[in-house]
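A.B. asks: A structural model of the following input is requested.
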Amino acid sequence: MPVPDALRPKRTLVDQLRASPIYRDYAKAFRETTGLPLNLRELESFDLPFHGDPNQNPFCELMAGANHTCAGCLQLQRKVEEGAGGEAKTLTCFAGLSDSAVPVKVGENLVAFLQTGQILLREPTAAQLQKLSRVLRKYGVATELERYEAAYRRSRVVPQRQYRSILQLLTIFAQHLSTLSNQLVVQDVTEEAPAISRARAYITEHHGEEMTLTGVARAVNMSAFYFCKSFRKATGLTFTHYVARVRVEKVKDLLLNPNKRVSEAAYEAGFQSLSQFNRVFRRIAGEPPSTYREKVRSGALT
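C.D. replies: Next up is the predicted model:
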């Protein structure tokens, strides 16, 4: 028996990003080019990040199979998340393997991390290997010590300079995902109630006009109270914030025209004042409109 649409869990923004063609294509190219694992992970989602990844480190895979050894990996993941609020962060575990997290933001809000790693930044010394053996014995895997050590020796060694370049590529991709995130927020969702879909379409069509929640509710034959609750539940945003995001996306489209001034684009998209526009654009896009315009002119967004 099929599950009614109303009872299906709503896909999160990160779920939508993972399902997007741009992420799937990038993840495939990243894995094939670097040989490293990759995961787009939601905030405070403390699962083993590379479980099932074709490029998962064989030593880490063995460690994940022993329940009492998972805690160290999860603690490292928490530290990576806590330390990567604004830029890429790399930390190293007891075995000398490094993991990195690159933040993905929607405007000024942190929503996810691009995570890679499980690599050695230099060849381990004999002393480090002896220390690892002692730690593994403490973890209770002495009977399979040779198997664990053999898996560890298969770990990828990536020189620091090359690894910094890999993280730079992830940082650039995180910026693309941030832009895509806002587009996903304002796009139609096929599973939602028809009235909400009509409301989205109405807002998109009339974005340049002055709009009120009551007016849009009336246009889709709903009471203002019920529309307010239903719209926020469906989109995850208040009516005001949703309209602001639609207008910011319209401004971005308009600024692709090199002859269009920022102020013209702002008023055409429906903003009532430049001060309001500058404040809203920076909050949603994560940068001032002037900076975005310069990127358009320099071709940095193509």
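A.B. asks: going forward, measure contacts between C-alpha atoms and count neighbours the same way
C.D. replies: Noted.
A.B. asks: buried ones in whichever strand or helix holds Ser133?
C.D. replies: Using DSSP states H and E, Ser133 falls within helix 126-138. By 16 or more other Cα atoms under 10 Å, the buried positions in helix 126-138 come out as 129, 132-133, 136.
A.B. asks: identify the farthest-apart pair in those residues.
C.D. replies: Greatest spatial distance among those (Cα to Cα): Leu129 and Leu136, at 10.5 Å.
A.B. asks: thinking again about what came up before, what's in contact with the helix or strand following the helix holding Ser133?
C.D. replies: Once the chain leaves helix 126-138, the next helix or strand it forms, by DSSP H and E, is helix 145-153. Under the contact criterion Cα atoms under 8 Å, 6 or more residues apart in numbering, helix 145-153 has outside partners 58-59, 62, 133, 136-137.
A.B. asks: and Arg11, what's its pLDDT?
C.D. replies: With respect to pLDDT, Arg11 has a value of 62.
A.B. asks: over to Glu82?
C.D. replies: 69.
A.B. asks: so who does Val158 touch?
C.D. replies: Residues near Val158 by Cα under 8 Å, 6+ apart: 119-122.
A.B. asks: quick one: secondary structure of Ser100?
C.D. replies: strand (DSSP: H, G, I helix; E, B strand; the rest coil).
A.B. asks: okay, and the beta partners of it?
C.D. replies: Beta-bridge partners for Ser100, by DSSP bridges, are Thr90, Thr116.
A.B. asks: over to the one 10 residues further on?
C.D. replies: For Leu110, the residues forming beta bridges with it (DSSP bridges) are Lys105.
A.B. asks: how close does it sit to Val141?
C.D. replies: Look at Leu110 and Val141: by Cα to Cα, to the nearest Å, they are 39 Å apart.
A.B. asks: what of Arg147?
C.D. replies: 10 Å.
A.B. asks: for the two, indicate the residue with more neighbours.
C.D. replies: Neighbour totals were compared for Arg147 and Val141, and Val141 leads with 17 against 13 (other Cα atoms under 10 Å).
A.B. asks: how close does that one sit to Gln56?
C.D. replies: 20 Å.
A.B. asks: Val216 now?
C.D. replies: Val216 is 49 Å from Gln56, by Cα to Cα.
A.B. asks: got it, and Phe94?
C.D. replies: Taken as Cα to Cα, the span from Phe94 to Gln56 is 18 Å.
A.B. asks: and these two? which has more neighbours close in?
C.D. replies: For the pair Phe94 and Gln56, the greater number of neighbours falls to Gln56 (21 against 12), based on other Cα under 10 Å.
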